[in-house]
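Q: structure for the following, please:
(one chain, ligands or ions: 1)
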Amino acid sequence: MSMITLALSKGRIFDETLPLLKAAGIEVLDDPEKSRKLILDTNLPEVRLLVVRATDVPTYVQYGGADLGITGKDTLLEHGGQGLYQPLDLQIAKCRMSVAVRADFDYASAVKQGSRLTVATKFVAIAREFFASKGVHVDLIKLYGSMELAPLVGMADAIVDVVSTGGTLKANHLVEVEQIMEISSRLVVNQAALKLKREPIRKIIDAFASAIAVPA
Ligand code: AMP
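A: Numbering: from 1, shown residues only. Here you go, the predicted structure:
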C-alpha cells in the first residue's frame, strides 16, 4: 500500500476541496485553521494532506514532495507547469484575472496612443504575456500583495490582480478595465507518481471528476 500525498493551501481552496475529498471517501481529521500541523491525517491511513503556501503547491508536486496538488490556474501559469499532469478543472475558487486602474486614469486612451504603462502585479508571467499579445509596452513591478495600493500612491498606472466580487477594487477607488482570463482551481499530478501509483491516483481523479459533474 503506497502513501498518497495531496498538497493544497489553506483558506478558500482548502474549504472548497473538502466536499470533493468527501466524494472520494477522504475525510480530513485536523482543521488547518486551528492546527499548526503541516501534514494532516485523513480517515484513510494511506492518504495525507500537506498544507503549503498557495504559490508553493505546484513546486511540491513538481519535485514529488506531493503526488497531487490543488492550485489556482493563476498560480499554475506563474509556475509554468513543468512536470505536472493537469487532468481536471475542479471548478472551485472561481474568480477572474483583470486589469484595474484608478477611476481617473483613461486606460483606453493610453492604450490607443501607444503609451508605455507601468503595471504592478504579483502575476508577472500572466501580465507580460497579456500585454505582449495586445502590443502594449509595459514596465512590470513585481509585488507580493496589496497590489491595489500601487496606483493609489502613484507607483503604477495599472494593476493585474484576481477579482472575485470586485469589492476590494471598489473600496480602493479602482475600476476593472479589462478581463484577462477566468480562473479556477486545477488538480495537478506529479507525472512520475502517476506512473508508479496509477491505481490509487486514478481513483482520486475519477472521484473528483464525478463530484464536479454534480451541479452544486
Ligand atoms: P473581491 O471579492 O474582488 O473583493 O476579492 C478580494 C481579494 O480576494 C482579491 O483581491 C484577491 O486577492 C482575493 N481573491 C478573491 N477570489 C480569489 C480566488 N478565487 N483565488 C485567489 N484569490 C482570490
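Q: quick check on the residue positioned nearest the centre of the chain: phi, psi?
A: Central residue of the chain (CA atoms, centre = their mean): Gly72, 2.1 Å from the mean position. Gly72 has phi and psi values of phi -70, psi 150 when expressed as degrees, to the nearest 10.
Q: beyond the longest strand seen in the chain, next helix or strand please.
A: Identified as the longest strand of the chain according to DSSP state E is strand 174-183. Later in the chain than strand 174-183, the nearest helix or strand by DSSP states H and E is strand 185-190.
Q: is that next one up against the ligand anywhere?
A: No. Counting by CB under 6 Å from any ligand atom, the ligand is not contacted by strand 185-190; separation bottoms out at 7.7 Å. No exception for glycine: its C-beta is placed from N, CA and C like everyone else's.
Q: give me the contact list for that strand.
A: Strand 185-190 is contacted by residues 13, 16-17, 57-58, 61-62, 64, 66-73, 76, 81, 83-93, 201, 205, 208 when judged by CB atoms under 8 Å, 6 or more residues apart in numbering.
Q: and that strand, which strands flank it?
A: Using DSSP bridges, strand 185-190 pairs in its sheet with strand 68-72 (antiparallel), strand 84-89 (antiparallel).
Q: show me how far the last one is from its chain's centre.
A: Looking back up the chat, that one is strand 84-89. 13 Å (CA atoms, centre = their mean, to the nearest Å).
Q: could you check the angle strand 174-183 makes with it?
A: 100 degrees (axes from the mean of the first three to the mean of the last three CA atoms, to 10 degrees).
Q: list the contacts of strand 84-89.
A: Contacts of strand 84-89 (CB under 8 Å, 6+ apart): 58, 61-62, 73, 76, 184-191, 194, 205, 208-209, 212.
Q: go through it and flag the buried ones.
A: Going by neighbour count (16 or more other CB atoms under 10 Å), the buried part of strand 84-89 is Leu84, Tyr85, Pro87, Leu88.
Q: between those residues, which is nearest the ligand?
A: Leu88 (16.6 Å; CB to the nearest ligand atom).
Q: which one is that closest one nearest to, not counting chain neighbours?
A: Leu187 (4.2 Å; CB to CB, 6 or more residues apart in numbering).
Q: and Ala7, by the same measure?
A: Closest to Ala7 by CB to CB, 6+ apart is Ala66, at 3.6 Å.
Q: kindly report the same for Ser2.
A: Lys197 (5.1 Å).
Q: and Ile212, by the same measure?
A: Counting by CB to CB, 6+ apart, the residue nearest Ile212 is Gln91, at 5.4 Å.
Q: go on, Ile201?
A: Going by CB to CB, 6+ apart, Ile201 has Leu194 as its nearest residue, at 5.6 Å.
Q: thought that neighbour was touching Pro200?
A: No. Here Leu194 lies out of contact with Pro200, judged by CB atoms under 8 Å, at a distance of 10.5 Å.
Q: give me every residue in the chain lying close to the ligand.
A: Going by CB under 6 Å from any ligand atom, the residues of the chain near the ligand are Arg12, Gly72, Ala93, Cys95, Asp161, Val162, Val163, Ser164, Thr165, Gly166, Gly167, Thr168.
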